[in-house]
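Undergrad: could you look at this predicted model? Sequence included:
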Amino acid sequence: MNSSFTEARTSENIAPESRPSNFLREKIVEDLKTNKYQGRVRTRFPPEPNGYLHIGHAKAICIDFGLAEEFGGKTNLRFDDTNPEKEDIEYVDAIMEDVKWLGFHWDGLYYTSDYFDQLYEWAIKLIKNGKAYVDDLSAEEIRKYRGTLTEPGKDSPYRNRSVEENLNLFERMRAGEFPDGSCVLRARIDMASPNLNMRDPVMYRILHAEHHRTGNKWCIYPMYDYAHGQSDSVEKVTHSMCSLEFADHQPLYNWFIEQLGIFPSQQIEFDRLNLTYTLMSKRKLRQLVEQGTVRGWDDPRMPTLSGLRRRGYTPESVRNFVTAAGVSRTNGIVELPMLEHFVRKDLNKRAPRVMAVLHPLKIVIDNYPETEVEEMKAQNNPEDESAGWRSVPFSRELYIEQDDFREVPPPKYFRLSPGREVRLRYGYFITAKGVVKNDQGEVIEVHCTYDPATRGGNAPDGRKVKSTIHWVSARQAVDGEVRIYENLFTKENLGDLKEREDALDYLNPKSLEVVAHAKLEPALANAISGSRYQFERLGYFCADLDSKPGAPIFNRTVALKDTWAKTEKKQAGKE
RNA sequence: UGGGCCGUCGACUAAUGGUAGGUCAAGUGCCUUUGGAGCACUUUGUCUAGGUUCGAAUCCUAGCGGCCCAGCCA
């Protein structure tokens, strides 16, 4: 099997006309109608390269790129790299890969650091206009002078320095005459503003740190608030979408643009994506990576795009999910099963079926010839005729799933049990006749008989069976490792932690189960990394990066829906 | 209790003064060579109290509840 097999078809995306309306789309429509930006739409996706992108970013990406695309506009990818102490080129590369994987293409590729010279000139302009000053207060003093939520701040003693002195000091800050933290450049706005962001926010701080792009050219770096709006403005961004917590920064965003008299980009805020049982903080995710809780940023348990990719999620499923989850200004949390629904829906249409047994139980068909091996025809994807058929070896000794046999079947259990006939998928009808047990009394082998007339799985006399189970021929089976994932966390809403709690207190110790010796049908021996399959009746699986020819490793993307498990659970609850 | 933002089925999201709809989840049935998929059906909602209006989820007032802001992070 080759990988193009699995990638050849994609399920259809949600059509534009069926996408739910939302306030962002309406805002753009309105701006187009009033000709606010001469009919232009330009957005930007502005990640800080200090970590890997996660599914929350996928929402921002879909909004930034998707909306622009929808209105014939363009989108820039801009790395917001104003803090050299936290940022790294590794993240830049990973972010570009993830955006491309999602299927988006940026128009311009920029870095906020591209604008450091321009930003510096604008700072000088603000100083000359009396709108900025160098403050010698320490960080702690600045905090004290800022006041509190209910009390106004007070002016710094350095607030009224002359333009000349400020110019001189700022130039010397840039020249490296002062140590880190000795002074900052501040906007001169209003220390009594009820909006703390307007109480003379810091524009530049001194950081004698090497920047991943500008090297040692600068030892002063602009703050987010001083850089973001102007960067948007330089790029003529019309709709600068960001998350809700920046709403309080909007007056400041506008203030810099107005003071400078530059292109009036506008900021619009929307809610972040939250998912149940999922940690969505880059800082915390980095902690998991650094302390070795997970194998890396792309560990399949991570909500990162690289993790989801390795797990087997398709970009289409992520996009469709994000679109379906919608956007608003409320703080909500989407249930994880909704994400799982969209990946199942996509993979159901495109993933070829194979048979694999995770927890093997040996079956011996007593009346089947000892040395016989038949090739049974199996359909690659019942959802897709064009996927064709393959052949699977069948013989006297097979493996079935331990779960598919019960010596004493509970009510509503339709699978194999003594005296009961079931269908082996694409094989024969078999009837269990007896069991072999070990010293502990566990069933280690089931002896059956088969009906030769049912080859392929149909009985000529029209008799029915209640169940069809999957199997792998013992002699031809290939061993493979299968990694089963559960939620990384046991707490539904990790955004709802008590005072002294940490998200990491809720790590799920059972988030990874390794099945070292799963029995796979032979065609899977050389599965190509990244190829996706449905293991019939079990779930969707994706060949891992660590797979070697003859030694495949699979990640379970998501289990199939399991109504029997539900029934069984309900019965257990009744007892 | 300074400022900002926000309250619609269990979750997410529509309805833009005129029939509260969709998706997920849950449940029931049909179908099935995957207890998968599919199909059909069903349950559940406008935070509260007033007001405006022929008519209010929508507008107004007052409550109640939630989230965000006191980094030289973004």
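TA: Received it, and whenever you're ready, just let me know what you need.

Undergrad: now residue A:34: how far from residue A:480?
TA: Going from residue A:34 to residue A:480 by CB to CB, to the nearest Å gives 60 Å. C-beta coordinates here come from the backbone N, C-alpha and C atoms, glycine included.

Undergrad: and these two? Which one has more around it.
TA: residue A:480 (24 against 8; other CB atoms under 10 Å).

Undergrad: and the helices in the stretch 301-450 of chain A?
TA: Remark: helices assigned in the stretch 301-450 of chain A by DSSP state H, counting those that start in this stretch are A:305-311, A:315-325, A:336-350.

Undergrad: for the record, mean pLDDT for stretch A:279-293?
TA: Averaged across stretch A:279-293, pLDDT comes to 97.

Undergrad: and if you look at stretch A:67-74?
TA: 96.

Undergrad: not counting its neighbours along the chain, what's nearest residue A:259?
TA: Nearest non-adjacent residue to residue A:259, counting by CB to CB, 6 or more residues apart in numbering: residue A:131, 5.5 Å away.

Undergrad: which residues touch the one you found?
TA: Residue A:131 sits next to A:187-189, A:259 when contact means CB atoms under 8 Å, 6 or more residues apart in numbering.

Undergrad: for it, give its distance to residue A:141.
TA: 22 Å.

Undergrad: check residue A:88 too.
TA: Counting by CB to CB, the gap from residue A:88 to residue A:141 is 32 Å.

Undergrad: ok, the nearest residue to residue A:550 once chain neighbours are set aside to RNA strand B distance?
TA: Once flanking residues are discounted, residue A:550 sits nearest to residue A:525: 5.5 Å by CB to CB, 6+ apart. Applying CB to the nearest atom of the strand, to the nearest Å, the value for residue A:525 to RNA strand B is 21 Å.

Undergrad: likewise for residue A:276?
TA: From residue A:276 across to RNA strand B, the span is 7 Å (CB to the nearest atom of the strand).

Undergrad: for residue A:357, same thing?
TA: 13 Å.

Undergrad: with residue A:332 instead?
TA: Distance, residue A:332 to RNA strand B, using CB to the nearest atom of the strand: 2 Å.

Undergrad: go on, residue A:304?
TA: 17 Å.

Undergrad: what about that residue, how many residues nearby?
TA: Applying other CB under 10 Å, we find 28 residues neighbouring residue A:304.

Undergrad: how about the strands in the stretch 151-300 of chain A?
TA: Under the criterion DSSP state E, counting those that start in this stretch, strands of the stretch 151-300 of chain A are mapped to A:184-187, A:202-206, A:220-222, A:239-243, A:266-270.

Undergrad: the last one pairs with which strands?
TA: Strand A:266-270 has these partner strands in its sheet, going by DSSP bridges: strand A:239-243 (parallel).

Undergrad: can you show me the CA trace of stretch A:479-497 as PDB?
TA: Provided in PDB are the C-alpha atoms of stretch A:479-497 (Å, rounded to 0.1, in the frame of the first residue of the first chain):
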ATOM      1  CA  ASP A 479       3.700  -7.900  14.600                       C
ATOM      2  CA  GLY A 480       3.400  -4.100  15.200                       C
ATOM      3  CA  GLU A 481       3.400  -1.600  18.000                       C
ATOM      4  CA  VAL A 482       0.200   0.300  18.600                       C
ATOM      5  CA  ARG A 483       0.000   3.300  20.700                       C
ATOM      6  CA  ILE A 484      -3.400   4.000  22.300                       C
ATOM      7  CA  TYR A 485      -4.000   7.500  23.600                       C
ATOM      8  CA  GLU A 486      -6.400   8.800  26.200                       C
ATOM      9  CA  ASN A 487      -6.900  12.400  27.200                       C
ATOM     10  CA  LEU A 488      -3.700  13.900  28.600                       C
ATOM     11  CA  PHE A 489      -5.700  15.400  31.500                       C
ATOM     12  CA  THR A 490      -8.500  14.200  33.700                       C
ATOM     13  CA  LYS A 491     -10.100  17.500  34.300                       C
ATOM     14  CA  GLU A 492     -12.800  18.700  31.900                       C
ATOM     15  CA  ASN A 493     -12.300  22.400  32.200                       C
ATOM     16  CA  LEU A 494      -8.600  23.300  32.800                       C
ATOM     17  CA  GLY A 495      -9.500  26.900  32.600                       C
ATOM     18  CA  ASP A 496     -11.400  26.500  35.800                       C
ATOM     19  CA  LEU A 497      -8.700  25.800  38.400                       C
END
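
Undergrad: fine by me, we can end here.
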